[in-house]
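Chemist: A structural model of the following input is requested.
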Amino acid sequence: MLSARSLLVRGMLVGLAAGVVAFLFASVFGEGPVGQAIDVEAAHAAAHTHTHAGGGEHELVSRTVQSTIGLATATVVYGVALGGLFALAFAVAYGRIGRFGARATAALVGLGGFVTVAFVPSLKYPANPPATGNPDTLGQRTGLFFLMIVIAVAVGLLAISFGRWLYPRWGGWNATILAAVAFTVVIAVVQLALPTVSEVPDGFPALVLWNFRLASLGTQLVTWATLGLLFGALTERQLRVRSVFTPAA
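Modeler: Got it, this is the predicted structure:
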């Protein structure tokens, strides 16, 4: 048996590694679109400034700090917290979603987490770079995004239960397909029902917007992939070592 404490500690350590990987990915693929978006915002502001002849407001935190220490801190803290939650989800799922080993279970939890926490919400409320958001609707957008996460996770859990209910009658393959179709249909209906928030200004470069959203989703993907693969490998190794040193009854 695996103790909850050991799983939690391992999850947080793996989350630390996932945060570092996410930082490296975001630095390589995300900072470019962010810088381009800021340049667009600066050019737009300069074009509409008529009364101030220079000397704008100074940044509270420089872009250099934001893109290095700030980004690293955010991804690492997020990774550690997510790793702890991942470990708890693994503890609940292990042995309950099928005859899967530790590595396969962790991979499935990682896949499910990415789909419900990152991919599905981003389909309805994708990430936007600087210069595209309205501060007055920040609370609304944040609330809707987290609402979409809660709904996606809940529907995902219901789809798993639905698949398990179908399994004895339809077999594993058919049950999985039917559960996935049910999940997709329900999520599609929910996303059509929820309000749309579109605040990208006219004339904003489409390529910059696309690259930013792709980099944002990619950062989530590498985070969840690192969690699923590394956590599963370490947990399976621990189980293998424990079985070797545990005397037979």
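Chemist: alpha carbons only for contacts and neighbour counts from here, please
Modeler: Fine.
Chemist: got a list of contacts for whichever strand or helix holds residue 8?
Modeler: Of the helices and strands defined by DSSP states H and E, residue 8 is found in helix 4-25. With contacts defined as C-alpha atoms under 8 Å, 6 or more residues apart in numbering, helix 4-25 is touched by 71-72, 75-88, 91, 218-220, 222-224, 226-227, 230-231.
Chemist: okay, and for the chain, where does confidence drop off?
Modeler: The chain contains residues with pLDDT under 70 at 1-2, 41-63, 65, 67, 131-135, 242-249.
Chemist: For the nearest residue to residue 176 once chain neighbours are set aside, the count of nearby residues, please.
Modeler: Among residues not flanking residue 176 along the chain, residue 163 sits closest, at 5.7 Å (C-alpha to C-alpha, 6 or more residues apart in numbering). By other C-alpha atoms under 10 Å, the residues close to residue 163 number 24.
Chemist: Where does residue 163 sit: helix, strand or coil?
Modeler: Taken by DSSP: H, G, I helix; E, B strand; the rest coil, the conformation at residue 163 corresponds to helix.
Chemist: So which residues of this protein form helices?
Modeler: In the chain, the helices defined using DSSP state H lie at 4-25, 31-47, 63-65, 71-93, 102-113, 120-124, 138-193, 206-245.
Chemist: how about the ones you listed, which one is nearest residue 130?
Modeler: With C-alpha to C-alpha as the measure, helix 31-47 is the member of those nearest residue 130 (5.8 Å).
Chemist: hmm, back to that, now the helices of the chain in TSV, with distance to residue 199?
Modeler: Output for these, formatted as TSV (distance: least, C-alpha to C-alpha, whole Å):
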stretch	distance to residue 199
helix 4-25	26
helix 31-47	14
helix 63-65	24
helix 71-93	24
helix 102-113	27
helix 120-124	13
helix 138-193	10
helix 206-245	12
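Chemist: and of these, who's closest to residue 200?
Modeler: Nearest to residue 200, of the helices of the chain and by C-alpha to C-alpha, is helix 206-245 at 8.8 Å.
Chemist: what's the angle from that closest one to helix 71-93?
Modeler: Angle, helix 206-245 to helix 71-93, by axes from the mean of the first three to the mean of the last three C-alpha atoms, to 10 degrees: 50 degrees.
Chemist: in helix 206-245, what's buried?
Modeler: Residues of helix 206-245 classed as buried by neighbour count (16 or more other C-alpha atoms under 10 Å): 208-209, 211-236.
Chemist: Same check on stretch 96-113?
Modeler: 102, 103, 104, 105, 106, 107, 108, 109, 110, 111, 112, 113.
Chemist: hang on, the earlier thing: residue 221 versus the residue nearest to residue 176, what's the distance?
Modeler: The gap separating residue 163 from residue 221 is 25 Å, by C-alpha to C-alpha, to the nearest Å.
Chemist: where does residue 197 fall, phi/psi-wise?
Modeler: Note on residue 197: backbone dihedrals following degrees, to the nearest 10 are phi -120, psi 110.
Chemist: if we can go back for a sec, and the buried residues of stretch 96-113, which is closest to residue 184?
Modeler: Closest to residue 184, out of all of the buried residues of stretch 96-113 and judged by C-alpha to C-alpha, is residue 112, at 13.1 Å.
Chemist: Spatially nearest residue to the closest one, not counting backbone neighbours?
Modeler: Closest to residue 112 by C-alpha to C-alpha, 6+ apart is residue 156, at 7.7 Å.
Chemist: Surely the one you found is in contact with residue 114?
Modeler: No: using C-alpha atoms under 8 Å as the test, residue 156 is too far from residue 114 to be in contact (11.4 Å).
Chemist: All good on my end, thank you.
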